[in-house]
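In: Below are the sequence and a predicted model; questions follow.
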Amino acid sequence: MCGRVALFTPPARLARFLDATLAAGLDPEGRASWNVGPQRQLVGITEHEGRRVMEGYQWGLIPAWASDPAISNRLINARGETVAEKPSFREAFRRRPCVLPVDGFYEWDVRGSHKQPHYFTRRDGAPALFAGLYELWRDPTLPPDAPPRQTCTVLTTEPSDDIEGVHDRMPIVLDPSDVSGWLRTDSGGVEERLSLIRPAPVGTLQHLAVNPAVGSIRNDGPEMIEPVVVIADRLF
């Protein structure tokens, strides 16, 4: 599961990294956060007719057919092994792929006497590019011409050795060279996406133990990613 990320690089800089333009209304500077949880906003890249666009998406997918938006609380992640068949995800997998750039993500190690958060980033310092899906959901209580709510989910897969036993799942972290393949919406897009459902190569990620304060979404700031030393299950 991936349920907490850091997203402090401005959208304008992420868009340049991914050769995308910013959608109208998306703040180029954004709101830096070191503790982004479900139901908050991520930024995502889609591609249409060869043009990449970055927009804001609520984290937690609401399928187009859903009557209750609360379903999004259960759909923050999609298992890569079943995403093409699950009713909640299969249409988005076929037609609405996106790439969700983040600065890093958190996983909790539960092997000790307390849950110890670890912060994962790419070793090369580049943004981590999550394989994602998006949906457009129309609230039936609003007028028909009201804009739809844009929501997203993060795909997960088996962990690589980079996770080092911290967790039994990991987000699918795409190589920048795989972004075009993930975003394809032509007839070969589904097969290419299926081929990209795999752990990132060993050596892609690094991690460090960080302050347990990140466990509360109320806590935010650069101190969330400052390393701590864990000795005999105690913090120093």
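Out: Sure, I can see it. Because the structure is predicted, anything quoted here is derived from the model rather than measured. Numbers count the residues shown, from 1 in each chain.

In: How is residue 91 assigned, secondary-structure-wise?
Out: Under DSSP: H, G, I helix; E, B strand; the rest coil, residue 91 falls in the helix class.

In: For it, which residues are in contact?
Out: 63, 64 (C-beta atoms under 8 Å, 6 or more residues apart in numbering). C-betas here are computed from N, CA, C, even on glycine.

In: Check the offset of stretch 25-44 from the chain's centre.
Out: 11 Å (C-alpha atoms, centre = their mean, to the nearest Å).

In: End to end on that stretch, go ahead and measure it.
Out: From its first residue to its last, stretch 25-44 covers 14 Å (C-alpha to C-alpha, to the nearest Å).

In: Then stretch 195-205?
Out: Start-to-end, stretch 195-205 (C-alpha to C-alpha) is 20 Å.

In: Now that stretch: buried residues?
Out: 196, 197, 199, 200, 204, 205 (16 or more other C-beta atoms under 10 Å).

In: Show me these that map onto strands.
Out: Counting by DSSP state E, those place residue 205 in strands.

In: Sort out which one of the buried residues of stretch 195-205 lies nearest residue 118 for me.
Out: Within the buried residues of stretch 195-205, the smallest distance to residue 118 is 10.3 Å, found for residue 205 (C-beta to C-beta).

In: Save the buried residues of stretch 195-205 as TSV, and put in pLDDT and distance to residue 105 too.
Out: Shown next, in TSV, are the buried residues of stretch 195-205 (pLDDT from 0 to 100; distance: C-beta to C-beta, whole Å):
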residue	pLDDT	distance to residue 105
196	98	18
197	98	18
199	97	14
200	97	12
204	98	13
205	98	9
